Structures are given as structure tokens and as C-alpha cells.
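[1] quick one, what's the 3D model for this:
(2 chains)
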Amino acid sequence: MTETRLETQALSRNFGALAAVSGIDFKLDAGARHALIGPNGAGKTTFINLLTGVLPPTHGRILLAGRDITDKAQAERVKLGIARTFQINRLFRGLSVLENVCIAVAERVGAAGSMFYPAGRRSDVIQESMHLLETLKLADIARQRVSELPYGRQRLVELAITIGLKPAVLLLDEPAAGVPSAESHIILDAIERLPEEIAVLIIEHDMDVVFRFAKRVTVMVSGAIFAEGTPREIEANPEVRAVYLGQAGQGAGHA
Amino acid sequence: MTVGTSAAETAPVTGPIDHPAARVLLQRHYVRWWETLPWIAAIIFYFAYPDYLGFGSELLITILFALSLDLALGYAGIITLGHAAFFGTGAYTVGMLSFYGIWTEPITSLLLAALVAAIVGLLSGLVLLRTRGLTLLMLTICTMALLQEGANMARAYTGGFDGLPSLTIDPVFGRFEFNPLFANTQYLFSLAVLLVCFVFVRTLVYSPFGQSLTGIRENLLRMHAVGSPVRRRLIVCYTISAALAGIAGGLWAQTNAFVNLSAFDLDRSAAVLIILILGGYGRLYGAFVGAVAYLALEHFLARFYPTAWQLGLGLLLVFIALFARNGILGLGEVLWRRYASRRAAS
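    You can find the predicted model right below:
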């Protein structure tokens, strides 16, 4: 019934002798809320970089809705519907919040290559961007420069930009990382309100976030899939507890 | 987007267009009253200082050259110290066409200069825009040095070190002659060319394309991640910028009636970079303010300290770097905002 949006087959990436990601078979269904966890250095971000085309894989294939996109460049994959947020904010810091989103929306609707009419005449782009900011409760700061915002708000702008791309698959690389706990609920609320049909893959260290958000969890260790299941199963899995939850659980307790 | 839809697509879009932030973007390209000032000043200059029209033409050409650099550096963030490559290409195109009696009509000559410079910009851009930062900077200088040395060695065609003297340029529209003693035609022709190029650049930077260039300058990696064909955009921008620099070079050849290797000088690239830093880059009028400030400074300081006038320029640059990162225009903006908020408070 649920169709597979994104699939990897034996996906691997080596850095010299180090197999950062090795032989990953992974499926992300439409409407998935999937978490990817694992200790530092397990290859989670490398995996995301392979999915988005930042890095080429050493072996294996990536399929988007059944179509092989292994050789597609990063920008092409975005056009096909894969968007991501970054672990560290990558924003247009000198521009206003609204402009940040507008740039993404203009790119999506194919306006961004036009040279001979003012951007201000694309009121559809501005309107849609403003509307998106309203749904994320960012409208009141739409005029502010991103560099002037507190970090939590900046994370939200990062999210707004990717939502503006209307992705079919959304990859969130530690969306709440670095956000003070008093503010992190803003991010989580926004993630929970994401349109249902988007397939979401989230990398997260904070176990509270993972268990609140995810319907399925994949555990990565040393570049390979170590376990996969519902949050309950993963929590109850003694081996996972041994390699991961034990050590990270303490960290999360303090956060 | 081929797969999937989202809620934002189906939701009705209502009213947010009235938000102040949206209005800023909707109205950004509107022509403001003060934008007429430089042009009024240029016309006043024409009538007020008929003896300085040669200097005036040089100023206008420098503005055009700085404007071309602003498009690449100020908007797209392409760091270059080799922009004289295109200035020189344009100058030699006009110069050789005229010297060998192939083509002497001034307007079409400039178009040819733009075309040749654009080709050089495209070909070099294809290679060097694969790099960033210091590597890019060095490669732009290399391109310029190669062209300069090429012009030096191809003595049979370019006149080598001596350049090509006494170029004949047809009268503009067959009526207005380029007179070496009275630079009226040179000045007005340069002003007209600058105006046309300025309108073009202004249209470009306020277009969606210009907005995406700003995005590339602000965050290259993010632009990749929103699906922007970054390299293609940069190459297009660099090519257009090269064409404009070529027009500036062509004008320079026409108004001076000669070309020589100084068209390709590193000094020329550096000067125009300093002009943008002085005036403020990425803001169109920085080229105007910076060029006026630079040439005025050169003029006055050189009169009082003929041997060490660049010391004054250096001190000014230190001041700009420390206290006014966005140049004279940026400083003006800060002061104006402070004044406006104080007036609003009282």
C-alpha cells in the first residue's frame, strides 16, 4: 500500500581504507517518519551526503520513486524532490528571513534564471514564501536579517528553506542541534506539523526527540545498519542498548 | 518537482503580500528619486567644467569598469584581481579594428568589443570558476598576465610594447566627431554608454537571476542544496561582467585614440577593486561614489604630494577596512538610519 520513495541498494562509500558507509540497504516510504541514530562517526552524515549527492558512492545504487538517481548531481536531485537541512546552519546570513525562503521558492518554480524582469514582480513567489513563514510562525521576524536572529530561529529558517522546496523526501540532519532546550520545542512542533505525505528521515542524538517523532528507527554502527524497528523494539533491544543507548542515554539525560 | 505534493501547494494563499517584509521585496526595484542625482551631476559637470571633460570621460569609463566588476564581485562574490583582462580585450578589439581600418563605427565597435570580451570571459570562466577563493584570485591574475604578454608578443598585430597610436574613430551617428582637444563628444558618448549599461546592470541585479547571484555570494553550499545550477549562473554572470568590462575598455580606446599594454595592467584591476571597496560593493552606486572618490583623491593628493599620494589612499583604505566595511555608501546608510531613528524618537 505504501510506496517506497527512497531506496538504497548496497550503498557504500570508502574514504581510503575507511568504509564510512558499507552495504546499506535502506527504504523510506511515503509519509515515513524515520529516525537514523548511531554513535558519533557511525556514518550518518556521510549517508545523508550520499543520498543528496554531495558525495558520490563507491558502490551501490540510490533510487528515488523507483528511478535510479545515483549519477544525478546535487541540484538535479533537489529538483526531483530530495531536500535537506544541515547539521550546521547554511543560510544567506546577510539577507532577510523572507528573502532566504524566496530564493529557495524562486529556484523551485523555475523563476531564478530570469534576467529581464524584477524579482518583485514575481508576487507569487513572495506570497508563497510569506505564507510559509506564517505557518512556521516566523512572519513577525520576516524582515529581519538572519544573522541577527537567535540560533533557534535560524534553525527554523533552515527548515523553512527546505520546506519551500516542496520536497517528496526531507532529510533532517540534527535539526535541533545547538538549540537551547527552552527553544527546541519550536523546532519539534514545526517538524510535527510537516505535511504528512513527505517522507522524513531525521538524524538525531536526542532520544526524547527520536521517540516523540519517529515511527521507525534505524541504528547505524561503523557504517552499517545495526538494527531497525519501531522505537519500542529499538529501546528494548539489548544489543542496541549496549552499543548506543547506554552511552548516549546518559548524555541525553543531561540535555 | 516530479514526485509528491505538500500542504502548501493546496492551501489558499491569502493576504501575506501586505506584510512589510513582502512589500520591501515587491518594491525593491522601484526607481527612487535620488537615483537621478548622479546623472544630473554628470550633466551639470558637462556645462560647469568644459575644460575637464577629458578627465570626466575617464571618470565615466572608470565607473563603467567598476560597475562591471561589481556585478561579478559585489553580487556573485567572484573574487577577481584580473578584470583588466576584459578591459584590455575590449580596448584591443576596438584598437585593432580601427588601426587596420577594418571597422571604425564607434557604437558597433563597442558591441564587437563586448562580444570578444564575453567570449574570453566565457572561455576563461569555464575553467577558473571551478575554483574558489585564493586559487580563483590567482587564476584571474594569470589570465590577465597571459593576455598582456600575448599582446606584447604579437607585436605585428598589436604594436607590442608601443601599442597602437592615433586611432581613427568615425563620428558618432556620422555627426559628432571625437576631437582630441575638446572632449565634448567623448564625454557625452561615454555618458550615454554608461547609462545604457547601467540600466542593463540594474535590471539584472534586481531580477530573480540577480537574487540568485546574491544567494551564491551569501552561501554557495546552500545554493547547491536548493537546486540552483550554481556553476552555470556564475559563468553567465562572469561572461556578462566581462562583456561590460570590454565595453569600458573599448570606450577607453576610443576616447584616448590609442591602446597600449597598460589596458591589461594589474594596477588597473587593483584600482577598480579599491574603487568598489571605497564606494561599497554589491550596491550599484558604490561604483559611482568610489570612482569619484578615488579619482578626486588621486587628483588632489597627487597635486600636494606628487611622490607619495598613494600613502593617503592607503590610510583611507585602512580607515574603510576598520570602520566602514561597506564603504562610503555603507557608512552613509548607517548615519542616515541613525539620524532617522533619532528623528523618529524625538
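[2] okay, and A:E228 sits in which element?
    Using DSSP states H and E, A:E228 sits within strand A:224-229.
[3] roughly how far is whatever helix or strand comes next after that strand from the heart of the chain?
    Per DSSP H and E, the first helix or strand lying C-terminal to strand A:224-229 is helix A:231-236. Relative to its chain's centre, helix A:231-236 lies at 23 Å (C-alpha atoms, centre = their mean, to the nearest Å).
[4] nearest residue to the closest residue to chain B within the stretch 1-150 of chain A in space, ignoring adjacent ones along the chain?
    At 3.1 Å from chain B, A:V78 is the closest residue in the stretch 1-150 of chain A, using C-beta to the nearest C-beta. C-beta coordinates here come from the backbone N, C-alpha and C atoms, glycine included. Closest residue to A:V78 apart from its sequence neighbours, by C-beta to C-beta, 6 or more residues apart in numbering or on different chains: B:G227 at 3.1 Å.
[5] that neighbour touches A:K72, doesn't it?
    No. With contact defined as C-beta atoms under 8 Å, B:G227 does not reach A:K72; the gap is 11.1 Å.
[6] so between the two, which is more surrounded?
    The residue with more neighbours, out of B:G227 and A:K72, is B:G227; 26 against 17, by other C-beta atoms under 10 Å in any protein chain shown.
[7] for that one, which residues are in contact?
    A:75-79, A:107-108, A:165 (C-beta atoms under 8 Å, 6 or more residues apart in numbering or on different chains).
[8] kindly recompute the last result at 10 Å.
    B:G227 makes contact with A:73-83, A:104, A:107-108, A:110, A:112, A:165, A:167, B:1, according to C-beta atoms under 10 Å, 6 or more residues apart in numbering or on different chains.
[9] any regions of chain A where pLDDT drops low?
    Low-confidence segments of chain A, defined by pLDDT under 70: A:1-2, A:244-255.
[10] ok, back up a step: show me the contacts of B:G227 that map onto helices.
    The members of the contacts of B:G227 that map onto helices under DSSP state H are A:74-80, A:104, A:107-108.
[11] just the buried residues from those residues, in PyMOL please.
    PyMOL command restricting the ones in helices among the contacts of B:G227 to the buried ones, with burial defined by 16 or more other C-beta atoms under 10 Å in any protein chain shown:
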select buried, chain A and resi 74+75+77+78+79+80+104+107+108
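[12] just send the ones in helices among the contacts of B:G227 back as JSON lines, with distance to B:N260 too.
    Listed next are the ones in helices among the contacts of B:G227 as JSON lines, based on distance: C-beta to C-beta, whole Å:
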{"residue": "A:Q74", "distance to B:N260": "46"}
{"residue": "A:A75", "distance to B:N260": "44"}
{"residue": "A:E76", "distance to B:N260": "48"}
{"residue": "A:R77", "distance to B:N260": "51"}
{"residue": "A:V78", "distance to B:N260": "49"}
{"residue": "A:K79", "distance to B:N260": "49"}
{"residue": "A:L80", "distance to B:N260": "53"}
{"residue": "A:A104", "distance to B:N260": "48"}
{"residue": "A:E107", "distance to B:N260": "45"}
{"residue": "A:R108", "distance to B:N260": "50"}
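[13] wait, doesn't the residue of the stretch 1-150 of chain A closest to chain B sit right on B:R222?
    No. Checked against C-beta atoms under 10 Å, the pair A:V78 and B:R222 is beyond contact range at 11.1 Å.
[14] overlap in contacts, these two.
    Contacts common to A:V78 and B:R222, judged by C-beta under 10 Å, 6+ apart, are A:104, B:228.
[15] pull the contacting residues for A:S12.
    By C-beta under 10 Å, 6+ apart, the contact set of A:S12 is A:19-24, A:50, A:57-60, A:223-224.
[16] quick one: buried ones out of those residues?
    Buried residues within the contacts of A:S12, counting neighbours by 16+ other C-beta under 10 Å: A:19-22, A:24, A:50, A:57, A:60, A:223-224.
[17] mark which of those are part of helices, please.
    Secondary structure from DSSP H places A:L50 of the buried ones among the contacts of A:S12 in helices.
[18] who's A:F15 bridged to?
    Per DSSP bridges, the residues bridged to A:F15 are A:L18.
[19] residues in contact with it?
    So, once contact is read as C-beta under 10 Å, 6+ apart, A:F15 ends up touching A:21, A:46, A:55, A:58.
[20] reformat these as JSON lines; add distance to B:F45.
    Output for those, formatted as JSON lines (distance: C-beta to C-beta, whole Å):
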{"residue": "A:V21", "distance to B:F45": "65"}
{"residue": "A:T46", "distance to B:F45": "61"}
{"residue": "A:L55", "distance to B:F45": "57"}
{"residue": "A:T58", "distance to B:F45": "65"}
